[in-house]
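K.L.:
Mind looking at a prediction? Sequence and model below.
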Amino acid sequence: MSEPRDGADHRVRILGFWGTPENRALPDPADLVDAAWDESERHWVADYLDHGQVAGSWMGVSRCRLCALPNGYRDLTDGSFLWPEGLAHYVRDHGVRLPAEFVDHMEQRLRALDELETDGSWWLRNAART
């Protein structure tokens, strides 16, 4: 494991992992369904979740705890949060609402990406050397 940057503790927070009958410490997705959650915001959140970076893969596929559909076999991340690949399905198809802190985090990250200034000079210099 690498050392934390600048001596800070950099832990990735988990999101969207569910309890089992044997281990009820994690939440049940049925308890987080919000049928009144705005559909466009749900799809926006699910799209963000779908586009995480692959952080790991598993040998077996997970099934949705609410409808039993196959629901992925990978974990995804944005560097701050880690979630199972199928979390987007829970959000999009079942209205499982995620904490406001995560949605705010998403919005800040996406806004920062929109505000990036681009510089093509590095690419132009280095592409010619390839």
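P.N.:
Perfect, I can see it now.
K.L.:
from here on, contacts and neighbour counts on C-alpha atoms
P.N.:
Will do.
K.L.:
who touches the most centrally placed residue in the chain in this structure?
P.N.:
By CA atoms, centre = their mean, the chain has its centre lying nearest to residue 49, at 4.0 Å. Contact analysis of residue 49 by CA atoms under 8 Å, 6 or more residues apart in numbering lists 76, 85, 87, 88.
K.L.:
gap between stretch 92-103 and the chain center?
P.N.:
11 Å (CA atoms, centre = their mean, to the nearest Å).
K.L.:
oh, I was asking about stretch 39-51
P.N.:
Per CA atoms, centre = their mean, the centroid offset for stretch 39-51 relative to its chain is 10 Å.
K.L.:
okay, that stretch in PDB with CA atoms only?
P.N.:
C-alpha atoms of stretch 39-51 as PDB (Å, rounded to 0.1, in the frame of the first residue of the first chain):
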ATOM      1  CA  GLU A  39     -36.100  11.100 -12.300                       C
ATOM      2  CA  SER A  40     -33.800  13.400 -14.100                       C
ATOM      3  CA  GLU A  41     -31.500  13.700 -11.100                       C
ATOM      4  CA  ARG A  42     -31.600   9.900 -10.600                       C
ATOM      5  CA  HIS A  43     -30.400   9.400 -14.200                       C
ATOM      6  CA  TRP A  44     -27.700  12.100 -13.700                       C
ATOM      7  CA  VAL A  45     -26.400  10.300 -10.600                       C
ATOM      8  CA  ALA A  46     -26.600   6.900 -12.300                       C
ATOM      9  CA  ASP A  47     -24.700   8.100 -15.300                       C
ATOM     10  CA  TYR A  48     -21.900   9.400 -13.000                       C
ATOM     11  CA  LEU A  49     -21.800   6.000 -11.300                       C
ATOM     12  CA  ASP A  50     -21.700   4.200 -14.600                       C
ATOM     13  CA  HIS A  51     -18.600   6.100 -15.600                       C
END
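K.L.:
Checking my notes, residue 116 in a helix, right?
P.N.:
No: per DSSP: H, G, I helix; E, B strand; the rest coil, residue 116 lies outside any helix segment and is coil.
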